[in-house]
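Asker: got a predicted model here, sequence first, then my questions.
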Amino acid sequence: MKKNMTAKAYLVGGGIGSLAAAAFMIRDGNLPGGNISILEAAPLMGGSLDGAGDPTSGYSLRGGRMLTTDNYECTWDLYKSIPSLHHAGKTVFDETVEFNEQHKAHSRARLVDRRRAKVPVTSMGFSMQDRSELLKLSNADEETLDASCITDWLSPGFFETEFWYMWATTFAFQPWHSAVEFKRYLHRFMLEFSRIETLAGVKRTIYNQYDSLVLPLQAWLKAQGVQFVTNCTVTDLDHTTEDSQFIVTSLHCGRGSNHEVIAVHDGDLVFMQNGSMTDASSLGSMTSAPKKLTKVESGGWTLWEKLAAGRPEFGRPAVFNSCIAQSYWESFTVTLSNPAFFDQMIQFSGNQPGTGGLVTFKDSNWLMSIVLAHQPHFAAQPADVQVFWGYALFPDRVGDFVAKPMTECTGAEILRELCGHLRFDLETVASANCIPCRMPYITSMFMPRTRGDRPLPVPRGSKNFAFISQFVEIAEDVVFTVEYSVRAAQMAVYELLEINRKIPPVTPHDKSLHTQFEALIKAFK
């Protein structure tokens, strides 16, 4: 560690990446917490790992990221250092491992067809052509795949296989998404290939990820003296160039009607979360559909667009945020005060809440999935209240039981569609509060891309500035994961602070002969 310990660090955006970066600076860089400020436009920290509400107004989650303990090397490296808020003397990693030992995942109803029958997934449904094409894609180098889509490499029949329905809904892939990213997922999660029908490799936190990951980390950072500045929008960065190095000299911030300029002195550092997969999100209610917002109404992409103009080393945000039709879907969170729905789901699925993972209605026009987490799902949730979450990959299509696209549906209409697929009486959700959430850029990081479209965490020629987000380039790792943000944070911090500690490498499960053999057997069933 060579940097001046009087240096200050400013983190633009309060998502998990910035929180992790602050922790790495303190833990591994010995930077005093009081020297670190996190500037967040929203009222709360956590970014996309959100969780809010109460039993009266209803709980709401935009989404939940899949976790594994077989991967996520940087995430668990961090959380082995963060004390649990719920179990004295234990870390977040400890409590997560123990929770998953007690509540093992083994889905018994991963796919459900239009007859409300559980699809027996003894086979992945591949033809020999599917196997050949999948092998060719998985072995192609990224230069060959370049900006191509998954559909450029796989024939139409592949997208009707049981494997595709399970893989696509587990990871939220669409056929038109990046072939490069799809290949990376095949390698990074090869362990999950052979158990995709049970989701046995998926690990869960004891509560939602805001309560279980964000709040403990925020509490630890606060105890170290980190400054959390909320309702603060960074609108611009002043900068200069010296010896061909890009140097940030000040930050322009809007706080209400006030405009502030924060000077960035020699030795200070700036980390920025570029782009946002949950930018322009909007919530509906039982009686209203979510508003159709875009980046124009929100501004989560604006600063990156400004910085990237004329600087190819800062990436190309337009590659990711220019086609909402290909990057959006809709989720919904349901709060219940009557156990009837959960009781019937337990009977139908054969799974207790927290052990089943996603239940996907594979023939639904919306391609709808739901998941019943272990209860309580919120730390302060009353014992007589249940919460579950769902989402649909095709919200622009007309429903099977509601004659309108999901994106135009109220919460009540979404529940009607869901009960139609399950053949449940609407009485099971008579007291329910369903809050839909439209997210126009939720899979924008999956858009087809080429080399250079995403900047490096520390762009070439940058002296005191780094990016941390789902839109940076990290070899071998996969976006749409907590791990990607945490790894980007660790890489950026270690490089700018010159920390001499090895970053945990991506575990090469795909190089294991045992894993390859298991995947091969699965592919030929």
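Answerer: Done, it's in.

Asker: from residue 369, how far off is residue 351?
Answerer: Using CB to CB, to the nearest Å, residue 351 is found at 14 Å from residue 369. Glycine gets a C-beta too; all of them are placed from N, C-alpha and C.

Asker: compare neighbour counts for the two and give me the winner.
Answerer: residue 369 (26 against 19; other CB atoms under 10 Å).

Asker: pretty sure that one sits in a strand.
Answerer: Yes - assessed with DSSP: H, G, I helix; E, B strand; the rest coil, residue 369 lies in a strand.

Asker: so which residues of the stretch 201-350 of the chain form strands?
Answerer: Using DSSP state E, counting those that start in this stretch, the strands of the stretch 201-350 of the chain run over 227-229, 233-242, 245-255, 258-263, 269-272, 282-283, 329-336.

Asker: which one, of these, ends up nearest to residue 408?
Answerer: The closest of those to residue 408 is strand 329-336. By CB to CB, the value is 10.3 Å.

Asker: could the strands of the stretch 201-350 of the chain be laid out in CSV, adding mean neighbour count, distance to residue 126 and mean pLDDT?
Answerer: Output for the strands of the stretch 201-350 of the chain, formatted as CSV (neighbours: other CB atoms under 10 Å; distance: least, CB to CB, whole Å; pLDDT from 0 to 100):
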stretch, mean neighbour count, distance to residue 126, mean pLDDT
strand 227-229, 17, 50, 98
strand 233-242, 15, 48, 95
strand 245-255, 17, 48, 96
strand 258-263, 12, 56, 96
strand 269-272, 26, 43, 98
strand 282-283, 18, 39, 98
strand 329-336, 25, 26, 98
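
Asker: I'd like those strands as JSON lines, with distance to residue 495 appended.
Answerer: Listed next are the strands of the stretch 201-350 of the chain as JSON lines, based on distance: least, CB to CB, whole Å:
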{"stretch": "strand 227-229", "distance to residue 495": "23"}
{"stretch": "strand 233-242", "distance to residue 495": "18"}
{"stretch": "strand 245-255", "distance to residue 495": "14"}
{"stretch": "strand 258-263", "distance to residue 495": "23"}
{"stretch": "strand 269-272", "distance to residue 495": "11"}
{"stretch": "strand 282-283", "distance to residue 495": "37"}
{"stretch": "strand 329-336", "distance to residue 495": "34"}
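
Asker: go through the ones you listed and name the closest to residue 133.
Answerer: Per CB to CB, nearest to residue 133 of the strands of the stretch 201-350 of the chain: strand 329-336, 25.7 Å.

Asker: now the longest helix seen in the chain - C-alpha only, CSV.
Answerer: When the chain is parsed with DSSP state H, its longest helix is helix 482-496. These are the backbone C-alpha positions of helix 482-496, laid out as CSV (Å, rounded to 0.1, in the frame of the first residue of the first chain):
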residue,chain,number,x,y,z
VAL,A,482,-23.5,-9.7,-6.9
GLU,A,483,-20.1,-11.2,-7.5
TYR,A,484,-19.4,-9.1,-10.6
SER,A,485,-19.9,-5.8,-8.8
VAL,A,486,-17.8,-7.0,-5.8
ARG,A,487,-15.0,-8.3,-8.0
ALA,A,488,-15.0,-5.0,-10.0
ALA,A,489,-14.8,-3.1,-6.7
GLN,A,490,-11.9,-5.2,-5.5
MET,A,491,-10.0,-4.9,-8.8
ALA,A,492,-10.5,-1.1,-8.9
VAL,A,493,-9.5,-0.5,-5.3
TYR,A,494,-6.4,-2.8,-5.4
GLU,A,495,-5.2,-1.1,-8.6
LEU,A,496,-5.6,2.5,-7.5
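
Asker: quick one: buried residues of it?
Answerer: 482-494, 496 (16 or more other CB atoms under 10 Å).

Asker: how about stretch 147-154?
Answerer: Quick answer for stretch 147-154 (16+ other CB under 10 Å): 148, 149, 150, 153, 154.

Asker: ok, now which ones touch the first one?
Answerer: Neighbour list for residue 148: 178, 179, 180, 448 [criterion: CB atoms under 8 Å, 6 or more residues apart in numbering].

Asker: in a markdown table, list those residues along with pLDDT, neighbour count and distance to residue 340.
Answerer: Listed next are these as a markdown table, based on pLDDT from 0 to 100; neighbours: other CB atoms under 10 Å; distance: CB to CB, whole Å:
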| residue | pLDDT | neighbour count | distance to residue 340 |
| --- | --- | --- | --- |
| 178 | 98 | 26 | 42 |
| 179 | 98 | 22 | 44 |
| 180 | 98 | 24 | 45 |
| 448 | 98 | 21 | 45 |
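
Asker: the strands of the stretch 201-350 of the chain: which one's closest to residue 384?
Answerer: Short answer: strand 329-336, nearest of the strands of the stretch 201-350 of the chain by CB to CB, at 9.5 Å.

Asker: report the distance from that closest one to the chain centre.
Answerer: 16 Å (CA atoms, centre = their mean, to the nearest Å).

Asker: pull the CA atoms of that strand into CSV?
Answerer: This file holds the C-alpha atoms of strand 329-336, laid out as CSV (Å, rounded to 0.1, in the frame of the first residue of the first chain):
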residue,chain,number,x,y,z
TRP,A,329,-39.0,-7.3,-18.0
GLU,A,330,-41.4,-7.0,-15.1
SER,A,331,-41.3,-8.4,-11.6
PHE,A,332,-43.9,-8.4,-8.8
THR,A,333,-43.9,-8.9,-5.0
VAL,A,334,-46.9,-10.3,-3.2
THR,A,335,-47.7,-9.7,0.4
LEU,A,336,-50.3,-12.1,2.0
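
Asker: that strand: partners in the sheet, and parallel or antiparallel?
Answerer: Its sheet considered, strand 329-336 pairs with strand 386-392 (antiparallel), strand 433-439 (antiparallel) by DSSP bridges.

Asker: of all the strands of the stretch 201-350 of the chain, which lies closest to residue 209?
Answerer: Across the strands of the stretch 201-350 of the chain, closest to residue 209 is strand 329-336 (CB to CB), at 13.3 Å.

Asker: tell me which of the buried residues of stretch 147-154 fall in strands.
Answerer: Among these, DSSP state E puts none in strands.

Asker: including pLDDT and distance to residue 336, could the residues you listed go into JSON lines?
Answerer: Formatted as JSON lines, the buried residues of stretch 147-154 follow (pLDDT from 0 to 100; distance: CB to CB, whole Å):
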{"residue": "148", "pLDDT": "98", "distance to residue 336": "44"}
{"residue": "149", "pLDDT": "98", "distance to residue 336": "39"}
{"residue": "150", "pLDDT": "98", "distance to residue 336": "37"}
{"residue": "153", "pLDDT": "98", "distance to residue 336": "43"}
{"residue": "154", "pLDDT": "98", "distance to residue 336": "39"}
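
Asker: in TSV: those residues, plus distance to residue 250.
Answerer: As requested, the buried residues of stretch 147-154 are exported to TSV (distance: CB to CB, whole Å):
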residue	distance to residue 250
148	42
149	41
150	43
153	47
154	49
